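> kindly generate the corresponding structure for this input.
(chains A, B and C)
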Amino acid sequence: MKKALALILVVAAFSTCCNRGTTTTTTGRPTVAFVLKTLNHPFFVDMRRGAQEAADRLGVTLQVQAAEREIDVEKQMQIVENLIQTGVQALCITPSGSREIVSALVKARDAKVPIIVVDTRVDAKAAADAGVRTETFVGSDNYEGGRLAGEYLVKVTGGKARVGILEGIPGHETGDSRLRGFRDAVKATPGITIVASQPANWERDQGFNVFQNMLQAHSDIDSVFACSDLMALGALEAIAAAGRTGGIKVIGFDALDDAKKAIAAGTMEASVAQFPSEMGRAAVESAVKVIRSEPVPPDIKVRLELVTRHLLKPVSLLVTKIRRAGWRVRRSGEASTRRT
Amino acid sequence: MIIASSAAPPGARSVDAMAPPTSRAHRLLLPARQFGTVIGLVALCAVLWILTPHFLTVSNLLNVAEQTSINAIVAVGMTFVILSAGIDLSVGSIVAIAGVVLGTALQAGQPLVVALALGVATGFACGLANGALISWGGLPPFIVTLGTMSIARGAALLFTEGRPISGFDAGFRVLATGRAGFVPAPVIVMGIVYAAAHFVLTRTTFGRYVYAIGGNEEATRLSGVPVRFHKTMIYGVSGLMSATAAVILTARLNSAQPIAGMMYELDAIAATVIGGTSLMGGDGTLGGTLVGALIMGVLRNGLNLLGVSSFLQQIVIGGVIVVAVLLDTVLKRRNRT
Amino acid sequence: MSGRAPVLEMRGISKTFPGVVALDGVDFTLHAGDVHMLLGENGAGKSTLMKILSGACGKDAGEIRVNGRPAAIDSPGDALALGIRVIYQELNLVPQLSVAENIFLGAAPTRWGGVVDWRTLYGNTSRLLGDLGMTLDPGASVSRLGLAQRQMVEIAKALNNSDASILVMDEPTSSLTSREVAQLFSLIERLSSRGVAIVYITHRLDEVFRIGRRITVMRDGRHITTRPIADVTVSELVRLMANRDLTEHFPKVRAERGPELLRVERVSRRGALTDITFSLHAGEVLGIAGLLGAGRTELARVIAGADRLHEGRLLVDGREVRFRGPADAIARGIGLLPEDRKAQGLVAGLTVARNIALPHGRRLSRLGVLPRHCEVRVAKPIGEELRVKATPTQAVRLLSGGNQQKVVLGKWLAGDVRIFIFDEPTRGIDVGAKVEIYHLINRLTARGAGIIMISSELPELLGMSDRILVMHRGRIQTEIEAADATEEGVLAAALGLAS
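Numbering: from 1, shown residues only, chains lettered A, B, ... in the order given. The predicted model follows:
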């Protein structure tokens, strides 16, 4: 086996000599790498779609890679290392860990690949310590989103609520920021009590179980803030199982399609919408600018929006208008018309 | 690796014609069937060489070796355990808790040596606890290590309140970022670990007992071998290897995460099994495990280079595991008859 | 019988494995109702021949005719369709299921597409068992049956549909007690009277003459002779098989009786042993007789430190010892050759040398490191003394039964063992290897070792022991000087008949 390895190394040495000239630009188009946390979440699937559209429009090759699991920093680091080998000209990345990713970014820096950070911020101090410079950050502010949710809760409950919180995976910047924003927003209102706050690890089934347990312990819970819609949807099921549908106000995050349906149906209160496809688009646009040595702003904010049933109302009106035009939207409209 | 003398020892008075000739080199390092995995690795490399110009470069191969090192080191411990006909599902969680202890100690300003010792001792202790419950408690390894998997993970999360511990000084990080000549430090650590573990497995009584316990625990016990002690130590070795991997991982990410090392047990088992170690115990080599880990590393790297979708990657990796084991089984069967 | 075509004719069967000719143009003929003893040392080719017959392995050349018609046997399924049934040494029953379920495994009568018709199942089973003269409860769980009864179930399973015409039994009595053997033999008689042709592979010469009608001897992959049982004598048979005259079947050499090595005082173990007292002297072979389940193996394991004793004490060289495990017993010079060498004696994947050196790791190593070739150095002279037909670096898995047993013996010869406990030392091994083990016993006692020999083969026990303890239901029923012992006397005591 030692021999086999030696053989590989020898062959490798030869091939580098021969290949050196061709590695940098195999095609005429510049290549942009986009490393996502994962691809098994609609959020990142949307982001990829936006990125791909932008790449097609701007005539760049897009290389999208993701770890199997959202929290696998080491795998993400390996992907970055591997993509650097292919000679990409820019790296867009949604860090799985704000600090941990810095080690991978160091490798990109060493390979002189410009970095565009998307969705989750890189820890400023860690980056500075390691001497990593990022070109720009594209994303919406999770803290701000949490605040939005908190303020809305204060408004709809009239400042009196007993809240259960479903957290994401502990130690995860995205979830932590949302949580902080929410807590800060309700802090000043004395009538709002947070009776329980437990992690459900971003997952729908865990959202179900954890919230079911919360209901057992605190039957007086009347509001839920879930750091993601998947967990919120799990909580909705638990509420339905307890026969309390409509009696508990559920606020989620991400505005997934399922969540929007639930909001339209009145079983869910609201969800904070991000626009991941816009993030993907802005990231690739920035990357192309950087490659062309054009200036980019250090921070590109992508809008946040609270989706509530009031907001969906005009949508449903619109749907009824469009209805005549085609059958395709009929199904999504039904839920809202039945309610109104 | 040790290059063994290939001559069969003299004194074979009447050779049973049924048995194939064996030489030390074959038996110790590369039994004939293991060439199957080596050939697989070489073939994989050849295919990637053809498909992408980025694969067969010195920098990329070093990159692969570095990426493989963590799984390869965890797989050393897994090989010991599987050779003894056991299983260790807790390696990933032990990576997490050992890393977290190490990280906390470093941030608390402990000297590097003390912090390393604490981290490694934590992993070793977790492994010994596994082993003690299995050998003295008489519990199945699957259950015990499943429990430890959850306990160690929970302990790591509790200990850190779920937050990663980040930012270490360069003196520690050199374990991941340093290079000797052009070889990255993790690869050197991997080399040392494999050389040492190979020596232990082939040249010490402990190594001999690992095989014997896996081959026939009762016969080994009746031969007067303190089986319980050695089984405990086997899981201790596994914990030790997980902790060693944790050191590299922590240095590499410049962060100790309580959620680190998830699913490492499956990667380590896959590397071990691809490397030809029998899940029934008593049969396998570390050389095979290293090749198995490299196959997985090369595959992941190559699929990244090729820009294969991450969903397809999972299918390919799963397929390779099954095909590798199938190939191994077929070759073994052919060798038997 | 001779007028009709034979049930089975195998002509010129050849089979080569890499490096060895296993069968070289073997002929074998079998008639209906025959009880045909297939004899030969291990490695003579008997098992290979039967594997070809059962479709478990293919042949290189030759022809097989069943009932006069050429038969192509390429798979076990083909053999089954031709009415050929094989009962292997290792039984293939599902212990959790009942007798009836095992017998009709995969062929249980069902109703409504898949629901087991229990009444028909038990009815059919009762009828089948009645036909075969077996008194077994169809509903009993196999896990609760003894070995002999399990073998009966296996036979019933083989005969569950009536077209079985050839029944091959490979050492069926190797783990049975005398009474169980008698049951089996009467079953064989009944089957043969119904026209089933039986091929019976055995190493026990007494059985050959008890039930055999005809014998075939094989040696080195060749057919040596086939003749009626009446035309052959024991010594001739042994000579035919081994091709050497074993002038003395049991070459017992009496050694001088030395000081007491081991004393067992009032030892009890719940559920297995009650109030056992005896002593073993240097130079002595102490035989232990008894039926299966009489507590012989349990006694061996207690003395060897493998199991704890609950009451009583053990003294080695007059000093009381307490064993926490086999290691302690070995440290006091006690070595156990276990009953089941595959399950308890050997690590099949390891080499001969490593098996032999296994108990001596601590002694051979320096700070846990084994010097190069140290195991081979230890194993080589022992392998030579025991005439193990293998190199020290061969995996034990590849060895024949006799050679494997020698390796287990070798483990204790390499060390400082003076008290040997041999539990069924010659089970399932060929005549030549048996005699070599007897000679080894003589050499050991001459060197001042004490040997406890457990055996179910009475001739061996009578021939090789100095004294015989007979056990019955966990107690010592009686102690007999071997010189005065008769098979009948020992058997009666083992059955609990005499005092």
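
> the stretch 101-250 of chain C: strands as residue ranges?
Listed from the start of the chain, the stretch 101-250 of chain C has strands (DSSP state E, counting those that start in this stretch) covering C:110-111, C:115-116, C:166-170, C:197-201, C:214-219, C:222-228.

> also the stretch 101-250 of chain B?
Defined through DSSP E, counting those that start in this stretch, the strands belonging to the stretch 101-250 of chain B, from first to last, are B:165-166, B:179-180, B:183-184.

> correct me, but C:A164 touches C:A156?
No. The pair C:A164 and C:A156 does not pass the contact test of Cβ atoms under 8 Å, sitting 10.7 Å apart. Where you see a C-beta, it was placed from the backbone N, CA and C, and this is true even at glycine.

> these two - which one has more neighbours?
The neighbour comparison of C:A164 against C:A156 (other Cβ atoms under 10 Å in any protein chain shown) goes to C:A156, with 23 against 18.

> gap between the closest residue to that one other than its chain neighbours and C:Q405?
Of all residues not flanking C:A156 in the chain, C:I103 sits nearest, at 5.1 Å (Cβ to Cβ, 6 or more residues apart in numbering or on different chains). Relative to C:Q405, C:I103 is positioned 34 Å away (criterion: Cβ to Cβ, to the nearest Å).

> do the same with C:L398
Distance from C:L398 to C:Q405, counting by Cβ to Cβ: 15 Å.

> if you count what's nearby, which of those two comes out ahead?
Neighbour count, other Cβ under 10 Å: between C:L398 and C:Q405, C:Q405 has more, with 28 against 18.

> over to the more buried one: give its phi and psi.
phi -60, psi -40 (degrees, to the nearest 10).

> I figured it hits C:I429, correct?
Yes. With contact defined as Cβ under 8 Å, C:Q405 counts as touching C:I429 (5.5 Å).

> now do the shared contacts for these two.
C:I437 (Cβ atoms under 8 Å, 6 or more residues apart in numbering or on different chains).

> got the residues of the stretch 201-337 of chain B near chain A?
Taking Cβ under 8 Å from any Cβ of the partner chain as the test, the list of the stretch 201-337 of chain B residues beside chain A reads B:249, B:252-255, B:257-260, B:262-263, B:287, B:290-291, B:300-301, B:304-305, B:307, B:309-311, B:314.

> out of those, which are inside helices?
Taking DSSP state H as the definition of helices, those contribute B:249, B:252-253, B:287, B:290-291, B:300-301, B:304-305, B:310-311, B:314.

> farthest pair in the residues you listed?
The most widely separated members of these are B:G287 and B:F311, with 32.6 Å between them, by Cβ to Cβ.

> more neighbours, these two?
B:G287 (23 against 11).

> now do the more buried one against chain C, distance only.
Using Cβ to the nearest Cβ, to the nearest Å, one obtains 17 Å as the distance from B:G287 to chain C.

> neighbours of A:A161, just the number please.
22.

> same question, A:C227
By the criterion of other Cβ under 10 Å, A:C227 has 32 neighbours.

> now C:R363
The local packing count at C:R363 equals 13, with neighbours defined by other Cβ under 10 Å.

> so which bits of the stretch 151-300 of chain B are right by chain C?
Applying the criterion Cβ under 8 Å from any Cβ, the portion of the stretch 151-300 of chain B that neighbours chain C consists of B:203-206, B:208-209, B:211-212, B:215-216, B:218-226, B:282-283.

> the helices in the stretch 251-400 of chain C, which residues?
Counting by DSSP state H, counting those that start in this stretch, the stretch 251-400 of chain C forms helices over residues C:296-303, C:326-331, C:352-357, C:361-364, C:374-386, given from the N-terminal end onward.
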